[in-house]
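Visitor: need the 3D shape of this:
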Amino acid sequence: MKNFFELLKNFLASIFGGKPKKSKTVIQPPNEETSGEEELLQDATEVPRDTIVTVNEMEAIDDFVPVEGATGDTPAEEAPTVQPEPSTTETATPSSDSKARYLWCLDNGHGKLQAGKRSPIFDDGETQFFEYKFNRDVVERIMKALDEKGVRYFDVVPDFNEVGSFLRGRVERANNKESDLPKIYVSVHANAGPSGPDSWAPSSVSGIETWHHQNSKKGQKIAALFQRHLIETLGWKNRHLKTTADKGLYVLKKTNMPAILTENGFYNNKKQVLELMKPAIRQKVANAHVAAILEIEKNGLS
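Guide: Here you go, the predicted model:
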């Protein structure tokens with residue numbers, strides 16, 4: 001009915017010399033992340049609590065047997081269609097005194113355009129933690145260390161200022177990255193616990209957990225090693241390994257290589273987020289990731 005009156009108004013305006021009013025059409029772009037897809041879970045904060053399965057990392061490490069020349073596993077899913085790669089970065093040839101075993105696909109979870117994924121605003125009315133900034137900072141610190149060690153990696157989302165969740169794009173870039181080495185996917189995050197809108201979570205909600213896909217034994221072993229190094233390095237509450245018996249995390253389920261997702265502290269825990277904002281703590285988080293990577297580079301995966 002509204003459109004009918006607008007058309008009538010424009011018709012009368014054309015007869016009596018008035019200026020027709022242009023109708024305002026709002027075009028909603030399709031959601032590339034969800035169109036035709038199952039529900040996508042980005043990180044631990046979106047997994048229904050009653051579907052989470054916790055595994056003690058020591059159980060997984062007990063089964064870890066170093067094997068010379070071992071490679072990663074590949075889920076039976078087909079890789080998605082090719083997505084243009086970001087403008088860069090795989091490291092050059094490893095140093096002469098080392099031999100690269102894997103290509104590490106390093107993913108800083110989330111991007112600048114993503115809604116949410118940030119702490120409540122602090123009492124000064126200005127200070128706020130943004131997860132995408134933390135994730136990117138840690139990944140850049142990891143890459144710097146791997147450059148020095150001669151470990152090969154692929155920077156999955158260097159264009160973090162131009163994207164939001166970009167789940168499908170992340171997975172496509174990693175799956176379609178050509179490599180003469182087997183690939184391992186590591187997604188870096190900070191966590192958030194249950195709380196009301198713009199409010200802090202209880203102080204008891206803290207610590208570190210590492211996620212793997214429920215059907216990937218190699219993913220579980222990798223997650224166990226990362227979790228061990230993170231806890232040893234930071235000394236925070238050990239929330240152990242996590243997976244889900246229901247809907248999995250997209251980047252763990254859709255990658256065609258062993259994949260893990262680290263949740264490094266809670267940014268809506270008012271005390272812990274102050275730690276996450278310190279450069280020294282971010283360096284420790286990066287160092288723990290690097291230590292796990294170097295251990296796997298040395299021993300391989302069975």
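Visitor: rest of the way, CA atoms for contacts and neighbours
Guide: Fine.
Visitor: helix/strand/coil for residue 241?
Guide: strand (DSSP: H, G, I helix; E, B strand; the rest coil).
Visitor: is it true that residue 250 touches residue 47?
Guide: No: counting by C-alpha atoms under 8 Å, residue 250 stays clear of residue 47, with 11.0 Å between them.
Visitor: show me the strands in the protein, by range?
Guide: 52-55, 103-108, 153-155, 183-191, 208-212, 238-244, 259-266 (DSSP state E).
Visitor: my guess is residue 225 meets residue 290, correct?
Guide: No: Residue 225 lies out of contact with residue 290 (C-alpha under 8 Å); the separation is 11.0 Å.
Visitor: neighbouring contacts of stretch 116-135?
Guide: Outside stretch 116-135, the residues within contact range by C-alpha atoms under 8 Å, 6 or more residues apart in numbering are 108-112, 160, 188-190, 198-200, 267-268, 273, 276-277, 282.
Visitor: can you rerun that using 6 Å?
Guide: Contacts of stretch 116-135 with the rest of the structure, by C-alpha atoms under 6 Å, 6 or more residues apart in numbering, involve 108, 110-111, 188-189, 198-199, 267-268.
Visitor: in it, what's buried?
Guide: Within stretch 116-135, the residues that qualify as buried are 117-120, 128-135, counting by 16 or more other C-alpha atoms under 10 Å.
Visitor: end to end, how far does stretch 205-214 reach?
Guide: 24 Å (C-alpha to C-alpha, to the nearest Å).
Visitor: now do it, average pLDDT.
Guide: The pLDDT scores in stretch 205-214 average 96.
Visitor: how far does that stretch sit from its chain's centre?
Guide: Taking C-alpha atoms, centre = their mean, to the nearest Å, the mean C-alpha location of stretch 205-214 is offset from the chain mean by 12 Å.
Visitor: contacts for it?
Guide: Residues outside stretch 205-214 that contact it (C-alpha under 6 Å, 6+ apart): 219-220, 223, 227, 236-243, 252, 260-266.
Visitor: hmm, 8 Å instead?
Guide: By C-alpha under 8 Å, 6+ apart, the list of residues contacting stretch 205-214 reads 44, 193, 219-220, 223-224, 226-227, 230-231, 236-245, 248-249, 252-253, 259-266, 269, 272.
Visitor: list the buried ones in it?
Guide: Applying 16+ other C-alpha under 10 Å to stretch 205-214 flags 205-214 as buried.
Visitor: picking that back up, filter the contacts of stretch 205-214 down to the buried ones and hand me the ChimeraX line.
Guide: To isolate the buried subset of those in ChimeraX, counting by 16+ other C-alpha under 10 Å, use the following:
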select :44,193,219,220,223,224,226,227,230,231,238,239,240,241,242,243,244,248,249,252,253,259,260,261,262,263,264,265,266,269,272
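Visitor: grab the nearest non-local neighbour of residue 233.
Guide: Take residue 233 and drop its neighbours on the chain: the residue closest to it by C-alpha to C-alpha, 6 or more residues apart in numbering is residue 288, 6.1 Å away.
Visitor: what is the neighbour count of residue 285?
Guide: 24 (other C-alpha atoms under 10 Å).
Visitor: leaving out the residues flanking it, which one is nearest to residue 199?
Guide: Of all residues not flanking residue 199 in the chain, residue 120 sits nearest, at 5.9 Å (C-alpha to C-alpha, 6+ apart).
Visitor: what's the answer for residue 182, then?
Guide: residue 102 (5.2 Å).
Visitor: could I get the phi/psi values of the one you found?
Guide: phi -140, psi 160 (degrees, to the nearest 10).
Visitor: quick check: it touching residue 184?
Guide: Yes: counting by C-alpha under 8 Å, a contact exists between residue 102 and residue 184, whose distance comes to 6.9 Å.
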